[in-house]
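> sequence unknown, structure follows:
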């Protein structure tokens, strides 16, 4: 099957659709973090985005283009919780019926917020059930359309608007960025970012950052083909436990990424604490991995200009308190 | 004694000095908060400011104008912790010796961060000692200059740059603001905001927000003269327990404020939880009072455009965890 690859212009079109709908999140600099990094670090806090993660961007870019008459059954999505909320918010704005299929062990705050946004939620067992199969049967029953978490050009292009805002900020502030670190699950966000950086900041290197045991992107880039993770559970980073890259995201990312970084759960916790103490931002584990990569020295930042995306902040009270 | 009153142009001059030194914090909107308020709310998160509160603005505006040759003994300040960090950071940039006099019951994070910024810290007992007297003896011993927490035109003007950024944002986004709610201790921040709004948004009303038992501003505005608080301890809002307004800040505020709002410690805690769950921002108690005023319905926001300042995020791990 021929892949319908996104291009840079799709990101520009997505940015126009998101104008006034998504939060144009700021770029923040922290003297504390610069000191540790030994260079300037530009922080893009997508935890401040609508629904608490970047996922609203792709969801709205996809859902705003649906024809409500052609999709009376509304939308279905599977997600550990951030795509869930992005889809629920976007579909809610368009008043489309929404069903979200979520792992039963999703953080309570993600389950509650998804429901609060007006979606129906169906849970499944992450260890024993295949979410794509659960979705397929629901799609047929409801005559609905699937909003994929990453495997669609509109989703990738929507997420890429995050990097477009970084690139525009850099231009406005006469800053040259040397590298970008991006939390990576299925590869939608990092894929959109790669498209933007290739055009707007072609000298910069883009890296995926993954949690230990879920470093399929790093290994796939090294192997030159998609490899899967050996397990589907067990990381503190609930948002980044995708089984593997999609064909589309891998095609987008393979030629554009400079490599993959991996950090441990303890390094993630340290990054969440740093964000609390120094940045005053609430990060969920998966949202903290790029920060963790800098704090733990996984990537040399000395004398460099490094941009990082803090991809989400939907974390339960109990987990957050225990991390502190 | 004739008061050296700040004017709007002092705020503009302060903004020029702060360019590239302070974070230009964003203005954020939350659909969740808009729903509760029944109108649009524009959030200015100064917890994202350098040192985790707006206080760096006034401190840098004051300290950047000192002549290092005339002040070999450096600077002294008294503060419960946010002004402390602002002064320590600003004086550190100028490499001036710095002594901060802090209550012994200051949050540990504020004590630790102030020291980490290179300042010497001297603690005193908030209940039995007078901080101004402690400062006086230290100033003489060190031949240093005092950086007052609010009672100086450079301090008030520096804090006012917060409102200048709100006004510029409103102009850029074609938004008319109806009212501004500002966390208030000694009245420096709200004073600078009043100066800006009088010129840039003259139709808007500016309100102080204080914690229960420390509502001297509300009572002073009603009495038409400065009244003190009956106590110097006992609120969760450590940053807002100033004994009373200063003569200068009261002169600035008396004619410009529309009134004072008061909220309870429980309402403050609820606001901190809301910021964690929905805004993904870490707020200290005093930084959450304006948000609390909206959530608890202390000010009618229906159909209105309300701006609020979240003034700081320096809160201890333990307190934050217990609030969650």
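Sure thing, it's come through. Everything quoted here is computed from the prediction, not taken from an experiment.
> drop to CA atoms for contacts and neighbour counts, all remaining ones
Noted.
> what separates the residue in the stretch 51-200 of chain A positioned nearest to chain B from residue B:97, distance-wise?
Distances between the stretch 51-200 of chain A and chain B by C-alpha to the nearest C-alpha are smallest at residue A:52, namely 6.9 Å. As for residue A:52, its distance to residue B:97 is 42 Å (criterion: C-alpha to C-alpha, to the nearest Å).
> Tell me how chain A divides into domains.
A:8-53+A:152-323, A:56-146 (automatic domain parsing).
> Minimum distance to residue B:109: which of those domains has it?
Residue B:109 lies closest to domain A:8-53+A:152-323 among the domains of chain A, at 7.8 Å (C-alpha to C-alpha).
> so how far is that closest one from its chain's centroid?
Centroid displacement of domain A:8-53+A:152-323 relative to its chain, using C-alpha atoms, centre = their mean, to the nearest Å, is 7 Å.
> got it, and stretch A:314-324?
20 Å.
> Neighbour count: residue A:52 and residue B:97, which is higher?
residue A:52 (28 against 19; other C-alpha atoms under 10 Å in any protein chain shown).
> quick one: the more buried one and residue B:280 touch, right?
Yes: the pair residue A:52 / residue B:280 is scored as a contact, 6.9 Å apart, by C-alpha atoms under 8 Å.
> re the thing from before, averaging pLDDT over each of the domains of chain A, which comes out lowest?
Ranked by mean pLDDT, the domains of chain A end with domain A:56-146 in last place, scoring a mean of 92.
> Can you tell me the SS state at residue A:197?
helix (DSSP: H, G, I helix; E, B strand; the rest coil).
> Over to residue A:226?
Residue A:226 ends up coil, using three-state DSSP.
> Give the burial count for residue A:312, as a bare number.
27.
> is it in a bridge, and if so with what?
residue A:53 (DSSP bridges).
> got the residues of chain A near chain B?
Near chain B, the residues belonging to chain A are A:23, A:25-26, A:28-31, A:47-48, A:50-52, A:109, A:276-283, A:313-314, A:317-318, A:320-321, A:324 when assessed by C-alpha under 8 Å from any C-alpha of the partner chain.
> Against which helices or strands is the lengthiest helix in chain A packed?
When chain A is parsed with DSSP state H, its longest helix is helix A:153-172. When contacts are defined as 3 or more C-alpha pairs under 8 Å, 6 or more residues apart in numbering or on different chains; DSSP states H and E, helix A:153-172 sits against helix A:8-18, helix A:55-63, helix A:188-200.
> so after the first one, what's the next helix or strand?
Taking DSSP states H and E as the definition, the helix or strand that follows helix A:8-18 towards the C-terminus is helix A:31-37.
> ok, and what's touching whatever helix or strand comes next after that next one?
Downstream of helix A:31-37, the next assigned helix or strand under DSSP H and E is strand A:40-45. Applying C-alpha atoms under 8 Å, 6 or more residues apart in numbering or on different chains, the contact partners of strand A:40-45 are A:25-30, A:33-34, A:166, A:303-312.
> Which neighbours do residue A:52 and residue B:280 have in common?
A:313, A:314.
> residues contacting residue A:107?
Residue A:107 neighbours (C-alpha under 8 Å, 6+ apart): A:81, A:315, A:316.
> hmm, back to that, hmm, which of the residues of chain A next to chain B are the buried ones?
The neighbour-count test (16 or more other C-alpha atoms under 10 Å in any protein chain shown) marks A:23, A:25-26, A:28-30, A:47-48, A:50-52, A:109, A:276-283, A:313-314, A:317, A:320-321, A:324 as buried among those.
> Which secondary structure state does the residue of chain A positioned farthest from its centre sit in?
Farthest-out residue of chain A from its mean C-alpha position, per C-alpha atoms, centre = their mean: residue A:69, at 29.8 Å. Secondary structure assignment for residue A:69 (three-state DSSP): coil.
> separation between it and residue A:99?
Taken as C-alpha to C-alpha, the span from residue A:69 to residue A:99 is 18 Å.
> ditto for residue A:142
Counting by C-alpha to C-alpha, the gap from residue A:142 to residue A:99 is 9 Å.
> Could you do residue A:144 as well?
On the measure of C-alpha to C-alpha, residue A:144 and residue A:99 end up 9 Å apart.
> Neighbour count: the two, which is higher?
Legend: neighbour count by other C-alpha under 10 Å for residue A:144 and residue A:99, higher for residue A:99 (29 against 22).
> Let me know how buried residue A:105 is, in neighbour terms.
14.
> So it: helix, strand or coil?
Quick answer, by three-state DSSP: residue A:105 is coil.
> now swap in residue A:95 and tell me
coil.
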